[in-house]
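J.: Could you look at this predicted model? Sequence included:
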Amino acid sequence: MKTLNKNIAQKVERPIKIVQFGEGNFLRGFVDYMVDVANEKGYFDGNIAIVKPIPHGSLESFHNQDCNYTVLLRGQENGEKQVIKRIVTSVSEAVEPFSEYDRYVELAKLDSLRFIVSNTTEAGIVYDDSDRYELNPPKTYPGKLTKFLHDRFKHFNGDSSKGLVILPVELIDDNGVHLKDAVLKLSNLWGLGEDFIAWLNEACIFGSTLVDRIVTGFPKDEADELWNEFGYRDELLVTGEPFALWVIETDKPIEDELPLHKAGLQVVFTDNHKPYKQRKVRILNGAHTSFSLASYLAGNDYVGESMKDEDISSYIRKTIFDEIIPTINLPMEDLVAFADAVKDRFENPFIKHALLSISLNSVSKWRARCLPSLLDYVDKFSKLPNRLTFSLAALLQFYTGTEVGDGVLVGHRGDNTYEVKDNQEILEFFAAKSTGDIEQFVTECLASESFWGQDLTKVAGLKDTVLGYLKDIRAIGIRETIKKL
């Protein structure tokens, strides 16, 4: 069987407009896919040069396949199965800066270059004062970016028209703000001059972004079957869900230069991405966190399985529409459409999302994803939201156990055990308190400011309601308690 190459892909060479730090599944199944669609539809006409940001690993598969690969998106929309297959040809080359430094530097000097995209993990955007300009390249991503931009600044003699738009997609709040801050600190540390710093501030745009798509990566168990179906071998095959959203916040308009939205892609350009983040965190992530522990204790193992469980699916829908959506300040039409898409994503038959994987660090997740909705609901309606309040009781039951090890607490579901994974201090608290006096347990847990950022016993009625739910869970079981809601 032939390996995918430029002839099979019918690759079209285009000018390089984007340098991308990162070659992983997410960028290839999200950004590079979007650029490929926009190229095909005639809205962009630009390709991507991938830069490998770390020395580990190999780009051999990219070189063997002329940087072409397949994206297979599978899911459902409005209850109907949806499968999209695309050979992505938007990547022109893949560069390893540690062994191909001269070619890497040449990318900074390209007249056609306009954008830089990155996904170097949350730990990638960090200011490290031990990084050095003299290294080829510097060790950190902000270090690499700073020197890359300085090389461009020098090559074009500070021409303000040669600034770049930097769009990090790392999953941290205000990622563009933090990246620019690190670049400016390194520029000062390395003494790169006031003219360069002025060019960074005036000619370059650092955007903050929000991204949303589940990219499941290489389908190891299905690869041979899919290659036979495609008629070629593809070591870079990426699978994911059809849903995608890219929210880009900049202080200057860039949508005419990056018109992905015109190609029918869900890309939003805004001067404030935070409402969209709130919508995602509260509806998508908040729903996950609010039902996953209860659903697991009720006997389910996966999200898709939960959606087929009438008790759980009803609980999820009422949590989202009755308790979460009323707390978000966005047009109702947008919120409902997003919630309906979330339902389709939860029901995706091609993705097996384990509830125990969602349960990791549930205390901090509940604090970030569910607590804001609960508190805003109380402020707005002067009463507790039943299901969000119940989800806190379900968390306390899920974390009930006495056997604790390094990073693991042993919980019990019927005759079976499961592992609760969280911060060691949290696990030791539950191991010591969860099987003791139930009222004291609930009181001390809710009063813990280190858990929730505040004393939740001061929220009117919350302690007594959580206590009542937890007593019911232990007396009649979690499913019967859910039915009583």
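T.: Arrived safely, thanks for sending.
J.: just for the stretch 101-250 of the chain, where's the confidence low?
T.: 122 (pLDDT under 70).
J.: repeat that for 80
T.: Residues of the stretch 101-250 of the chain that meet the criterion pLDDT under 80 lie in 121-123.
J.: which residues in it form strands?
T.: Under the criterion DSSP state E, counting those that start in this stretch, strands of the stretch 101-250 of the chain are mapped to 115-118, 165-168, 205-206, 208-212, 215-217, 238-240, 245-249.
J.: what does the fifth one rub up against?
T.: What it means is strand 215-217. With C-beta atoms under 8 Å, 6 or more residues apart in numbering as the test, strand 215-217 has contacts from Asn25, Phe26, Gly29, Phe30, Val238, Thr239, Gly240, Glu241, Ile351. Every residue, glycine included, has its C-beta placed from N, CA and C.
J.: what's the burial count for the last one?
T.: The one in question is Ile351. Neighbour count of Ile351, defined by other C-beta atoms under 10 Å: 18.
J.: Wait, it touches Pro219, no?
T.: No: applying C-beta atoms under 8 Å, one finds Ile351 not in contact with Pro219, separated by 10.9 Å.
J.: okay, Lys81: pLDDT?
T.: Note on Lys81: pLDDT of 92.
J.: Skipping adjacent residues, who's closest to Thr89 in space?
T.: Using C-beta to C-beta, 6 or more residues apart in numbering and skipping the chain neighbours, the partner closest in space to Thr89 is Lys11 (4.5 Å).
J.: list the contacts for that neighbour?
T.: Applying C-beta under 8 Å, 6+ apart, the residues contacting Lys11 are Asp66, Asn68, Thr89.
J.: next one: Leu210
T.: Contacts of Leu210 by C-beta under 8 Å, 6+ apart are Leu245, Trp246, Val247, His273, Tyr276, Lys277, Lys280.
J.: at 6 Å what do you get?
T.: Neighbouring residues of Leu210 by C-beta atoms under 6 Å, 6 or more residues apart in numbering: Val247, His273, Tyr276, Lys277.
J.: about what we covered before: export the contacts of strand 215-217 to a markdown table and tack on distance to Ser373?
T.: Output for these, formatted as a markdown table (distance: C-beta to C-beta, whole Å):
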| residue | distance to Ser373 |
| --- | --- |
| Asn25 | 31 |
| Phe26 | 27 |
| Gly29 | 30 |
| Phe30 | 27 |
| Val238 | 33 |
| Thr239 | 32 |
| Gly240 | 27 |
| Glu241 | 24 |
| Ile351 | 25 |
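J.: Quick check: the gap between the spatially closest residue to Asp128 that is not a sequence neighbour and Gln76.
T.: Leaving aside its chain neighbours, Asp128 sits nearest to Thr140 (4.9 Å; criterion: C-beta to C-beta, 6+ apart). According to C-beta to C-beta, to the nearest Å, Thr140 stands 41 Å off from Gln76.
J.: Who has more neighbours out of the two?
T.: Thr140 (22 against 19).
J.: which residues touch the helix or strand that contains Tyr418?
T.: Using DSSP states H and E, Tyr418 maps to strand 416-421. The contact list for strand 416-421 (C-beta under 6 Å, 6+ apart) reads Leu360, Tyr399, Gly407, Val408, Leu409, Val410, Gly411.
J.: returning to what we had before: angles on the backbone of the residue nearest to Asp128, please.
T.: Main-chain dihedrals, Thr140, degrees, to the nearest 10: phi -90, psi 160.
J.: Verify the contact between it and Ser130 for me.
T.: No: in this structure, Thr140 is not within contact of Ser130 by C-beta atoms under 6 Å, at 9.1 Å.
J.: Name the SS class of Gln440, please.
T.: Here Gln440 is recorded as helix under DSSP: H, G, I helix; E, B strand; the rest coil.
J.: confidence score at the residue nearest to it when sequence neighbours are not counted?
T.: With C-beta to C-beta, 6+ apart as the criterion, Gln440 has its nearest non-adjacent residue at 7.4 Å, and that residue is Lys433. pLDDT for Lys433: 97.
J.: tally of neighbours for Lys433?
T.: Neighbour count for Lys433, taken as other C-beta under 10 Å: 20.
J.: Lys17 too?
T.: Using other C-beta under 10 Å: Lys17 sits among 22 other residues.
J.: ok, it to Phe115 distance?
T.: In terms of C-beta to C-beta, Lys17 sits 6 Å off from Phe115.
J.: Same question for Thr209.
T.: 12 Å.
J.: same check, this time on Gly79
T.: According to C-beta to C-beta, Gly79 and Phe115 sit 37 Å apart.
J.: who's more crowded, those two?
T.: A count of neighbours by other C-beta under 10 Å puts Phe115 above the other of Gly79 and Phe115, at 22 against 8.
J.: who's in contact with that one?
T.: Phe115 touches Ile18, Val165, counting by C-beta under 6 Å, 6+ apart.
J.: swap in the one 5 residues further on?
T.: Listed by C-beta under 6 Å, 6+ apart, the contact set of Thr120 reads Phe21, Gly22, Pro53, Tyr141.
J.: ditto for Asp376
T.: Asp376 sits next to Thr327 when contact means C-beta under 6 Å, 6+ apart.
J.: what does the one 5 residues further on give?
T.: Contact partners of Phe381, counting by C-beta under 6 Å, 6+ apart, are absent.
J.: mind checking pLDDT for it?
T.: Reported pLDDT for Phe381: 98.
J.: now it: how far from Asp159?
T.: 57 Å.
J.: For the stretch 301-450 of the chain, which segments are assigned as strands?
T.: Under DSSP E, counting those that start in this stretch, the stretch 301-450 of the chain gives strands at 408-413, 416-421.
J.: Now render those as a markdown table, adding mean pLDDT and distance to Thr289.
T.: Formatted as a markdown table, these follow (pLDDT from 0 to 100; distance: least, C-beta to C-beta, whole Å):
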| stretch | mean pLDDT | distance to Thr289 |
| --- | --- | --- |
| strand 408-413 | 96 | 17 |
| strand 416-421 | 96 | 14 |
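J.: closest to Leu186 out of those?
T.: Nearest to Leu186, of all the strands of the stretch 301-450 of the chain, is strand 416-421, at 35.5 Å by C-beta to C-beta.
J.: what about Arg103, how many residues close to it?
T.: 14.
J.: next one: Ala337
T.: For Ala337, the neighbour count with other C-beta under 10 Å is 11.
J.: again, but for Lys147
T.: When neighbours are counted by other C-beta under 10 Å, Lys147 registers 25.
J.: what does the one 5 residues further on give?
T.: The number of residues packed around Arg152, counting by other C-beta under 10 Å, is 23.
J.: Apart from its neighbours in sequence, what residue is nearest it?
T.: Ala108 (4.4 Å).
J.: Please apply the same query to Arg28.
T.: The shortest distance from Arg28 to any residue other than its chain neighbours is 5.2 Å, reached at Val238 (C-beta to C-beta, 6+ apart).
J.: so what's the one you found up against?
T.: Asn25, Arg28, Gly29, Val71.
J.: Quick check: bridge partners of it?
T.: Following DSSP bridges, Val238 is listed with bridge partners Val71.
J.: Distance check, the residue nearest to Arg367 when sequence neighbours are not counted against Ser58.
T.: Excluding the flanking residues, the one nearest Arg367 by C-beta to C-beta, 6+ apart is Trp452, at 5.3 Å. Applying C-beta to C-beta, the value for Trp452 to Ser58 is 45 Å.
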